[in-house]
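K.L.:
Sequence first, predicted coordinates after that:
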Amino acid sequence: RITPVWLPSAFTFSLFFYFGHRVAPGIIIGSVLGLVHPLINFEPPLFWWHFCFLAMMFTTANLLQAWLANLWLKRSLVTVRDQDTQEEPYSRLRLSLLPFIDPISFTNPFHHLRTTMAFIKAALVAPMASASIGIGCLILLQRLPWDEVTYTWLTWWLASALAILVFSPILIGFESQQYSKRMLPILLLCFIVCSLIGLYSFGMGYPLAYLFLPLLLIIVFYFGRFSASVFVSVIAIISIILTYLGQTNFVSDSPNDSIIFVQIFASVLSAATLLFAALIKEKKTAQERLFQAIYSLEDQVEDQSRELFESKNKLEALVNLHNLTGIANRRYFENTFEREWHRPDRMGEPLTLMVLDIDCFKAYNDHYGSAQGDVCLQKIARLLEESVEGGHSNLVAHYGGQEFVILLSNAGIPEASAVAERILANLRVAAIPHQSSTVADIVTISIGIAVTTPHEHFTRRGLFVRADEALYKAKERGKNRYQTWHFDHER
């Protein structure tokens, strides 16, 4: 009877994958200890030097097999490691062994089709070298008849390849699984169907083993590669045990041939499952990266739109602000004045226009200089803004030179007069020196106020003219005061 699966091949491959050459001494010791019993019971009995030679060569074959398989796989892993932007979830065991683990082992080889193909090739090719060394040594010592060479080499190779293909994906590609409650019935159904297929195929001899493949593909799709690998290992173990015990045969007249065929069957089943899982994983990864790129692009567009909007607002602010005083300029005032005049929801609300002029400002510039005159204008602009209560449509603007304008929405004579008195009072408190003034020894302002309710028989220009006339009358009456006009009579 032959050995259906050589599990040490899966363990040595996995240990080499995680720890590299550090585990070579342990593999050598384990191989020697594991070979003592079968070599002692070898028929016919071995000479002592044959014993030592075979133990040494078989140990070398085991070590070479693990080294070649991992060399092949890790070369492929290196090419995809830098492209894989998704971090692998590290288990506590891995983190505790981090100083000893080969860093490349943190890249899951079953997340990429290329590395999955490399794993399958390594699992098939590396055992060929091991089987060739072992069979060659037996031939050299004339312990194997030539008519059994092919058969023995095939069984040796398949036993190691099957172990790596079926059990190593569980050992080196462990993934934590979280199943929702609604997924558990599907998992239970898959288990029941798998059990029935196994019962009818291996227990009763019905040719239904091919149904395992679509079932495993369903498991990969719903539960992931690791769950499917666990199912494959269970199917392989059950089928090999039943076949080995003679419960069912792939080839009815040859139990050993049946084991070879079931080895091939389990290996193909595992390889197909791994390839399909890698395709699914790559598709999901590509979709996730595509969605991330779309979201990133949307964020970039949103950020750029926000920056453009902010730049537009800043540009509009620069265009609409007076470059000296920092308040609204004449252009912005004209636009606001027109908008307020034609506002459809005014519903008979009054609109107030105040025109303000700094008294004796030319004399101020002549006495203090134009630079100090600019400072005075800036102080006056800030004072006017502080004196006018904030409102949605209230506006303070620098009209030109020493002239300012104030637009008050929904404000009549009493409200406008209160604003004017507050401005004059704040000026007295500010007490900006003006030694060359003919009015007072501080800077003063004259204010003209015009109030009306916009209608088709009166224009914006007319309201401005009335406010300017009121300003002129305030100047005539001694300056440092305000004068009002309302409709067709003055106050």
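P.N.:
Done, it's in.

K.L.:
burial of Leu384, as a residue count?
P.N.:
Leu384 has 24 neighbours, counted by other Cβ atoms under 10 Å. All C-beta spots, glycine's among them, are computed from the backbone N, C-alpha and C.

K.L.:
Same check on Phe333?
P.N.:
Counted with other Cβ under 10 Å, the neighbours of Phe333 add up to 23.

K.L.:
Verify the contact between it and Phe404 for me.
P.N.:
No: Phe333 is beyond contact range of Phe404, at 9.6 Å (criterion: Cβ atoms under 8 Å).

K.L.:
which neighbours do those two share?
P.N.:
In terms of Cβ atoms under 8 Å, 6 or more residues apart in numbering, Phe333 and Phe404 are both contacted by the residues Ala397.

K.L.:
Point me to the helix or strand that includes the residue most central in space within the chain.
P.N.:
Relative to the mean C-alpha position of the chain, the nearest C-alpha, by Cα atoms, centre = their mean, is the one of Gln292, at 5.7 Å. Gln292 is part of helix 255-320, with elements assigned from DSSP states H and E.

K.L.:
what does Leu471 give?
P.N.:
helix 460-476.

K.L.:
With just CA atoms, put the helix or strand that comes right after that helix into CSV.
P.N.:
Using DSSP H and E, the helix or strand that directly follows helix 460-476 along the chain is strand 482-486. Extracted in CSV, the C-alpha atoms of strand 482-486 (Å, rounded to 0.1, in the frame of the first residue of the first chain):
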residue,chain,number,x,y,z
TYR,A,482,-27.3,116.0,9.3
GLN,A,483,-30.2,117.1,7.1
THR,A,484,-33.1,114.9,6.0
TRP,A,485,-35.4,114.8,3.0
HIS,A,486,-38.5,112.8,2.7
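
K.L.:
Touching strand 482-486 from outside, list them.
P.N.:
354, 412-413, 416-417, 420-421, 424, 446-452, 466-467, 469-471, 473-474, 477, 490-491.

K.L.:
Name the strands paired with it and say parallel or antiparallel.
P.N.:
Its sheet considered, strand 482-486 pairs with strand 445-452 (parallel), strand 489-490 (antiparallel) by DSSP bridges.

K.L.:
can you give me the mean pLDDT across that strand?
P.N.:
In this model, strand 482-486 carries a mean pLDDT of 88.

K.L.:
can you give me the offset of it from its chain's centre?
P.N.:
65 Å (Cα atoms, centre = their mean, to the nearest Å).

K.L.:
And the contacts of strand 482-486, which of them are buried?
P.N.:
354, 412, 416-417, 420, 424, 446-452, 466-467, 469-471, 473-474 (16 or more other Cβ atoms under 10 Å).

K.L.:
what comes up buried for stretch 306-323?
P.N.:
320-322.

K.L.:
which one of those sits closest to His398?
P.N.:
Nearest to His398 among the buried residues of stretch 306-323: His322, at 4.2 Å, using Cβ to Cβ.

K.L.:
So that closest one sits against Ala328, correct?
P.N.:
Yes: using Cβ under 8 Å, His322 makes contact with Ala328 at a distance of 7.1 Å.

K.L.:
who touches both of the two?
P.N.:
With Cβ under 8 Å, 6+ apart, His322 and Ala328 have common neighbours 397-398.

K.L.:
related to what we said a few turns ago, helices or strands next to the helix holding Gln292 in the packing?
P.N.:
helix 113-140, helix 149-172, helix 212-223, helix 225-244, helix 330-341 (3 or more Cβ pairs under 8 Å, 6 or more residues apart in numbering; DSSP states H and E).

K.L.:
For the third one, buried residues please.
P.N.:
Going back to what we said before, that points to helix 212-223. Applying 16+ other Cβ under 10 Å to helix 212-223 flags 212, 215-217, 219-220, 223 as buried.

K.L.:
Show me the contact partners of that helix.
P.N.:
Helix 212-223 has contacts (Cβ under 8 Å, 6+ apart) with 177, 179, 183, 186-187, 190, 193-194, 197, 201, 227-228, 231-232, 235, 269, 272-273, 276-277, 280.
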